[in-house]
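Novice: sharing a model prediction with you, sequence too.
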Amino acid sequence: FDESEWLSSSINIDSKNQKLTLIASEVADKVFDQAPPIFNEIINKDFGSSNASAGRKLLMNRMLDSNGQKDLGFNNFSLEAGLFHTVLETNQLYEKTNNGYEFIVPEKGHKFYNLWQAADALFEGNEKLVGLDSIYSTWQSVPFGIKKHICPIIALAYLFSKKYELILYREKKFIPELNDVTIDEWIMDPTMMSFKAFSWTDDKKKLIKLLSKEMHTHFKIKVEETSLGAARSVVQLVMEAPLTSRRTFKLSEKAIKFRDIVQRANDPNKVLFTDLPELFNEKNPRKLISIIVENIKEIKNDYPTLLKEYKKRLYQRIDHNGNTKQLNERAKSILNLGNFNDNSFIKRLEIYEEKEEDIEGLLSISINKQPTDWTDPDRENALTMLGEMCDKFRQIEVMASMKGIRPTRESFAFVFSGAKKQHSSVSYDISESKKDKIKKSSKKLIASLKKESMNRDEIMAILAEACNETIETVDLIEYFNTDQIGDRDG
């Protein structure tokens, strides 16, 4: 070692009279003259220990979950707390501003100013994605020399400080928000993550501000006034809708196109400032947002409307007047008189309370599939099966008296044979709760006919003709009612 010849800038160094470590330090200071001070030997390495890696991950999760809290919520002396204080707090990367505690963009003269500027330069005049690995490569090179193990922490602080200007992508696909899984991928494979810069204009700022306000007004959600925050709110509201609403074609044409654009979104800027204005042929921010809100409401209302319509159809078919206790008693009186499928339906009616989950439960057994997951053909099939289950329920009620059970319905049959080989026949049943009303109306009708001096045969003929006409009319009405429900908004 002593016999080796050492040179610095082509000048020989007397290693016997000069300490090489001091010389190396001086050279490093000149080469990496823009390296920010990071006084933490645990993390400031290219390859850290397992403890350092664990602390780094915990700190990054805290940066994600506790952003906005003083000291990121740290009140202890844990490893990750130490990393926060030495890397972020000491270097004034996380401070209290007019907006509260947040990650800041270093101003000129700040220790990290040049590091931020070098990353910013990668986006200048570049509309393409910039990889996280490219940012790392820039920071690890001269004149910065940032160590590999600490890059993920600093890069996350950089992203949070640029939340109004950068959009995050994972494997070249837009992701609306970071989470614990994304943080793991960020650490393990920086090539998966990339960013795109976003330039603000007055029109864009106005649209984002208005959209954020309307989202809160109509849907009671707090929206960050950024393109990412605004786009995320629109995507979130659409994706919260049940699967059946996200794939049905029983919406308006524009709502379907709007929904599909939002579901395929991989660039919030393109969605908000290009795709939606083109779809609705509207550039006025206020009018555009009004249309967006209208279409979100249509998508969100699809499922509640579906349940409401099917509940109405259920009540009609089962002859239910809205008294749930009475319906429960009807079901209880015939429980276990049908087959397995019949009893499943009856059991649900026995405990039915008219809640949303109750009607969902009834509909789910119609085709053995949750209504939230229905396709359009499922909607049609469920309507048919629901009708069959209701009919079977009423049939079992009628047959209950034959088994010595107090009936809740009375059954009738009507057969008519007229001129020109005209024949009609129908069987029907009436709930016990309506018997008094029917008897009262029947007496009124008979009394009215007798006042016109009608004899028995004439009265019977009039009633038969009226029954026959009623059968034909009601059948036609039921046909169209069924057709309309099955073809709603089609």
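Specialist: Looks like it arrived, so ask away. All values reported here derive from a predicted model rather than from experimental measurement.
Novice: quick one: the strands in the stretch 51-200 of the chain?
Specialist: 94-97, 100-103, 130-131, 166-170, 173-174, 193-197 (DSSP state E, counting those that start in this stretch).
Novice: need the winner for burial among these.
Specialist: Between these, strand 193-197 has the highest mean count of neighbours, a mean of 22, where neighbours are mean count of other CB atoms under 10 Å. The C-beta positions use only the backbone N, C-alpha and C, and glycine is treated the same way.
Novice: and that strand, what's its mean pLDDT?
Specialist: The predicted model gives strand 193-197 an average pLDDT of 91.
Novice: next one: it to chain centre, how far?
Specialist: What separates the centre of strand 193-197 from the centre of its chain is 24 Å, taken as CA atoms, centre = their mean, to the nearest Å.
Novice: list the helices and strands it packs on?
Specialist: Under the contact criterion of 3 or more CB pairs under 8 Å, 6 or more residues apart in numbering; DSSP states H and E, the helices and strands touching strand 193-197 comprise strand 130-131, helix 132-140, strand 166-170, helix 180-188.
Novice: where among these is the average confidence lowest?
Specialist: Among those, strand 166-170 carries the lowest mean pLDDT, a mean of 87.
Novice: what is the neighbour count of Ala461?
Specialist: When neighbours are counted by other CB atoms under 10 Å, Ala461 registers 12.
Novice: what about it, which helix or strand?
Specialist: Here Ala461 sits within helix 456-486, counting by DSSP states H and E.
Novice: let me see the mean pLDDT of that helix.
Specialist: Confidence over helix 456-486 (mean pLDDT, whole number) is 65.
Novice: coming back round to it: the strands of the stretch 51-200 of the chain: which one's closest to Leu122?
Specialist: Nearest to Leu122 among those is strand 130-131; the distance by CB to CB comes to 4.9 Å.
Novice: quick one: pLDDT of the nearest residue to Asn67 once chain neighbours are set aside?
Specialist: Nearest in space to Asn67, with sequence neighbours left out and distances taken as CB to CB, 6 or more residues apart in numbering, is Phe160 at 6.4 Å. Reported pLDDT at Phe160 in the predicted model: 93.
Novice: now do Phe160 against Asp319, distance only.
Specialist: When distance is defined by CB to CB, to the nearest Å, Phe160 is 61 Å away from Asp319.
Novice: one more: Leu168?
Specialist: Counting by CB to CB, the gap from Leu168 to Asp319 is 57 Å.
Novice: can you check Glu124 too?
Specialist: As judged by CB to CB, Glu124 and Asp319 stand 73 Å apart.
Novice: who has more neighbours out of the two?
Specialist: With neighbours defined as other CB under 10 Å, Glu124 and Asp319 compare such that Asp319 has more, 19 against 7.
Novice: list the residues that contact the residue nearest to Asn67.
Specialist: Applying CB atoms under 8 Å, 6 or more residues apart in numbering, one finds that Phe160 lies in contact with Met63, Asn67, Glu102, Phe103.
Novice: what segments of the stretch 151-300 of the chain are helices?
Specialist: Ranges of helices in the stretch 151-300 of the chain, per DSSP state H, counting those that start in this stretch, are 151-161, 180-188, 202-219, 227-239, 243-247, 253-263, 268-270, 276-280, 285-318.
Novice: now these in a markdown table, with distance to Ala466?
Specialist: Output for the helices of the stretch 151-300 of the chain, formatted as a markdown table (distance: least, CB to CB, whole Å):
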| stretch | distance to Ala466 |
| --- | --- |
| helix 151-161 | 78 |
| helix 180-188 | 70 |
| helix 202-219 | 52 |
| helix 227-239 | 53 |
| helix 243-247 | 43 |
| helix 253-263 | 46 |
| helix 268-270 | 65 |
| helix 276-280 | 54 |
| helix 285-318 | 22 |
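Novice: which stretch in these has the least confidence?
Specialist: If the helices of the stretch 151-300 of the chain are sorted by mean pLDDT, helix 268-270 sits at the bottom with a mean of 78.
Novice: could I get the strands of the stretch 51-200 of the chain as JSON lines with distance to Lys45?
Specialist: JSON lines is the format used below for the strands of the stretch 51-200 of the chain (distance: least, CB to CB, whole Å):
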{"stretch": "strand 94-97", "distance to Lys45": "22"}
{"stretch": "strand 100-103", "distance to Lys45": "23"}
{"stretch": "strand 130-131", "distance to Lys45": "23"}
{"stretch": "strand 166-170", "distance to Lys45": "27"}
{"stretch": "strand 173-174", "distance to Lys45": "33"}
{"stretch": "strand 193-197", "distance to Lys45": "22"}
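Novice: looking at those, which is closest to His110?
Specialist: strand 94-97 (10.8 Å).
Novice: average pLDDT across that closest one?
Specialist: What strand 94-97 shows for mean pLDDT is 94.
Novice: same for it, what does it pack against?
Specialist: strand 100-103.
Novice: so what are the sheet partners of the strand it packs on and their directions?
Specialist: Sheet pairing here is set by DSSP bridges, and for strand 100-103 it gives strand 94-97 (antiparallel).
Novice: give me the distance from the strand it pairs with to the chain's centre.
Specialist: On CA atoms, centre = their mean, the centre of strand 94-97 falls 33 Å from that of its chain.
Novice: could you number the chain from 26 rather than 1 from now on?
Specialist: In the new count, where the first residue is 26, that last one comes out as strand 119-122.
Novice: got the contact list for it?
Specialist: The contact list for strand 119-122 (CB under 8 Å, 6+ apart) reads Lys95, Leu97, Phe109, Leu113, Tyr126, Glu127, Phe128, Ile129, Ala182.
Novice: using JSON lines, lay out those residues together with distance to Arg338.
Specialist: Compiled in JSON lines, the contacts of strand 119-122 are given as follows (distance: CB to CB, whole Å):
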{"residue": "Lys95", "distance to Arg338": "57"}
{"residue": "Leu97", "distance to Arg338": "55"}
{"residue": "Phe109", "distance to Arg338": "60"}
{"residue": "Leu113", "distance to Arg338": "60"}
{"residue": "Tyr126", "distance to Arg338": "55"}
{"residue": "Glu127", "distance to Arg338": "54"}
{"residue": "Phe128", "distance to Arg338": "55"}
{"residue": "Ile129", "distance to Arg338": "59"}
{"residue": "Ala182", "distance to Arg338": "57"}
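Novice: contact partners for Gly363?
Specialist: If a contact means CB under 8 Å, 6+ apart, then Gly363 has Ile371, Lys417, Ile421 as its contacts.
Novice: narrow these to those in strands?
Specialist: Among these, no member falls in strands (criterion: DSSP state E).
Novice: in stretch 132-150, which residues are buried?
Specialist: By neighbour count, with 16 or more other CB atoms under 10 Å as the criterion, the buried positions of stretch 132-150 are His135, Lys136, Phe137, Asn139, Leu140, Trp141, Ala143, Ala144, Phe148.
Novice: quick one, phi psi at Glu354?
Specialist: Comment: the main-chain dihedrals of Glu354 come out as phi -70, psi -40, following degrees, to the nearest 10.
Novice: what about it, distance to Gln341?
Specialist: From Glu354 to Gln341 the distance is 20 Å (CB to CB).
Novice: same question, Glu494
Specialist: In this view, Glu494 and Gln341 are 21 Å apart by CB to CB.
Novice: could you do Gly386 as well?
Specialist: The span separating Gly386 from Gln341 equals 19 Å under the rule CB to CB.
Novice: out of the two, which sits in the busier spot?
Specialist: Gly386 (19 against 13).
Novice: what helix or strand is the more buried one on?
Specialist: Per DSSP H and E, Gly386 falls inside helix 381-389.
Novice: restrict that helix to CA atoms and write it as PDB.
Specialist: These are the backbone C-alpha positions of helix 381-389, laid out as PDB (Å, rounded to 0.1, in the frame of the first residue of the first chain):
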ATOM      1  CA  GLU A 381     -82.900  -3.200   0.900                       C
ATOM      2  CA  GLU A 382     -81.100  -6.400   1.900                       C
ATOM      3  CA  ASP A 383     -84.400  -8.200   2.200                       C
ATOM      4  CA  ILE A 384     -85.500  -7.500  -1.400                       C
ATOM      5  CA  GLU A 385     -81.900  -8.400  -2.500                       C
ATOM      6  CA  GLY A 386     -82.200 -11.700  -0.700                       C
ATOM      7  CA  LEU A 387     -85.500 -12.500  -2.400                       C
ATOM      8  CA  LEU A 388     -84.200 -11.600  -5.800                       C
ATOM      9  CA  SER A 389     -80.900 -13.500  -5.300                       C
END
